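> Below: sequence and its predicted model.
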Amino acid sequence: MESVKVLLKKLNSNGFIPTYMTGGSSGLDLYSAEEKIIPPGRWEIVSTGIAVEIPQGYEGQIRSRSGLAKNYGVFVLNSPGTIDSDYRGEVKVILMNLGNEPFRVNIGDRIAQLVIAPIVHAEILEVENLSTTERNNGGFGHTGRR
């Protein structure tokens, strides 16, 4: 498995170093550095108390934790959120609560996952026509439900 070095700075005493929970985990768990209550149908920006330096050619993707989504209806609103390689500010997570009850976030709670992924820059070429395919411009739901 490829490894890449990501530098991390704790911004306060509530910042936790992200961790892989198992040997096969693709995402590092991110921890809350603050307490918040997210009312049903609302979102909050939750601090992690850390900043990272991701190498050029990579990005950080902030994703929902499946257990929070399944058990509480809480997920990362802009999933996947992107941390660009030139961003040096605090990592924050936008959590949305679609559950029926207020959701309490405590300091040290695992709130999201951080996946480090390679990126490719596209070379955009303007053309008069695109090639045709079997699908062509078939959009949302064009293949039906089953």
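Perfect, thanks for sending it. Numbers count the residues shown, from 1 in each chain.

> quick one: contacts for the nearest residue to residue 19 once chain neighbours are set aside?
Nearest non-adjacent residue to residue 19, counting by Cβ to Cβ, 6 or more residues apart in numbering: residue 29, 5.6 Å away. For every residue, glycine as well, the C-beta is placed using N, CA and C. By Cβ atoms under 8 Å, 6 or more residues apart in numbering, the residues touching residue 29 are 18, 19, 20, 21, 65, 110, 112, 113, 114.

> Specify the beta-bridge partners of residue 29.
As for beta bridges, residue 29 partners with residue 19, residue 113 under DSSP bridges.

> Return the per-residue confidence for it.
On pLDDT, residue 29 comes in at 98.

> Please report the residue range of the longest strand in the chain.
The residue-count maximum for a strand in the chain (DSSP state E) belongs to strand 43-53.

> Would you mark the buried spots in that one?
Residues 43, 44, 46, 47, 48, 49, 50, 51, 52 are the ones in strand 43-53 that count as buried (16 or more other Cβ atoms under 10 Å).
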